[in-house]
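[1] What would the 3D arrangement of this be:
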Amino acid sequence: MITMVTGIVIPHEIRVAVFEHQFGALADYQAAVGRYVEPVYLADANLTIYANEEGKVRQLPANRRATCLWWFLYPETRGRDILVGDVVLIGSTRGHGSTTALPDFLTRQLQHPGRFTIEVRTNDDPAHWYDNGRNFDDYFEAAIVAINLQERWSQVREMRVSPA
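    Prediction:
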């Protein structure tokens, strides 16, 4: 019996909404990304991104939202690589090959417009989260601003996007 897990598809086309989808067999992931899948493990966040393995060779369009999320969660990847084509975001408990449902809070944040804010921990005060005082209409917009803020402000220790 195949165990189904809930993830989301992040289409490369910005005008197409992020949507929830059920995944079980490898064929489900392949259908969502358009062929062979390549995992990008985000072990610290217990997430895996599945992208088209041949996406860059086939010159698929950049996926700005998925790349933004990847760069936000893993700053060391910024400017080094991008994700292309439609991608799947799924939960992961043990990294390589173990998928779980995407956490509900993350599904809601990525899938539904709302009000989001950026919270920052600084090197001077790593015990407290500080709100930057700005609100954003979607998670990805807030993450882009957070990335830019972190690039310019050397005191940033950690950042997160939270519901406002």
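
[2] Now residue 10. Nearest residue, chain neighbours left out?
    Distances taken as CB to CB, 6 or more residues apart in numbering place residue 66 nearest to residue 10, at 4.6 Å, with adjacent residues excluded. (Glycine included, C-beta is placed from N, CA and C.)

[3] The one you found belongs to a helix, doesn't it?
    Yes. Looking at residue 66 with DSSP: H, G, I helix; E, B strand; the rest coil, it is inside a helix.

[4] Return, as residue ranges, the portions of this protein with sub-threshold pLDDT.
    1-2, 94-97 (pLDDT under 70).

[5] where do the strands sit along it?
    Using DSSP state E, the strands of the chain run over 5-10, 19-23, 37-42, 47-52, 87-92, 99-100, 116-122, 130-131, 156-163.

[6] For residue 72, which of those is the nearest?
    Nearest to residue 72, of all the strands of the chain, is strand 156-163, at 7.5 Å by CB to CB.

[7] Which positions within the closest one qualify as buried?
    Across strand 156-163, burial judged by 16 or more other CB atoms under 10 Å covers 156, 159, 161.

[8] Looking at these, spot the one nearest residue 26.
    Using CB to CB, residue 161 comes nearest to residue 26 of the buried residues of strand 156-163, at 31.1 Å.

[9] Is the closest one in contact with residue 109, as I believe?
    Yes. Residue 161 is within contact range of residue 109, at 7.3 Å (criterion: CB atoms under 8 Å).

[10] Spit out the contact partners of residue 102.
    5, 6, 7, 8, 47, 89, 90, 91 (CB atoms under 8 Å, 6 or more residues apart in numbering).

[11] Now for these: which two are most distant?
    6 and 47 (13.1 Å).

[12] sorry, back to before: which residues sit in contact with the residue nearest to residue 10?
    10, 12, 49, 51, 83, 87, 89.

[13] Using a markdown table, please lay out those together with distance to residue 104.
    Compiled in a markdown table, the contacts of residue 66 are given as follows (distance: CB to CB, whole Å):
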| residue | distance to residue 104 |
| --- | --- |
| 10 | 17 |
| 12 | 25 |
| 49 | 18 |
| 51 | 23 |
| 83 | 23 |
| 87 | 20 |
| 89 | 13 |
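
[14] Would you mind writing the CA trace of the lengthiest helix in the chain as CSV?
    The longest helix of the chain (DSSP state H) is helix 139-152. Presented in CSV, the C-alpha positions along helix 139-152 are these (Å, rounded to 0.1, in the frame of the first residue of the first chain):
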residue,chain,number,x,y,z
TYR,A,139,5.2,34.9,2.3
PHE,A,140,7.4,35.1,-0.8
GLU,A,141,7.3,38.9,-0.8
ALA,A,142,8.4,39.0,2.8
ALA,A,143,11.2,36.4,2.2
ILE,A,144,12.6,38.5,-0.6
VAL,A,145,12.8,41.6,1.6
ALA,A,146,14.3,39.4,4.4
ILE,A,147,17.0,38.2,2.1
ASN,A,148,17.9,41.7,1.0
LEU,A,149,17.9,42.9,4.7
GLN,A,150,20.1,40.1,5.7
GLU,A,151,22.6,40.9,2.9
ARG,A,152,22.8,44.5,4.0
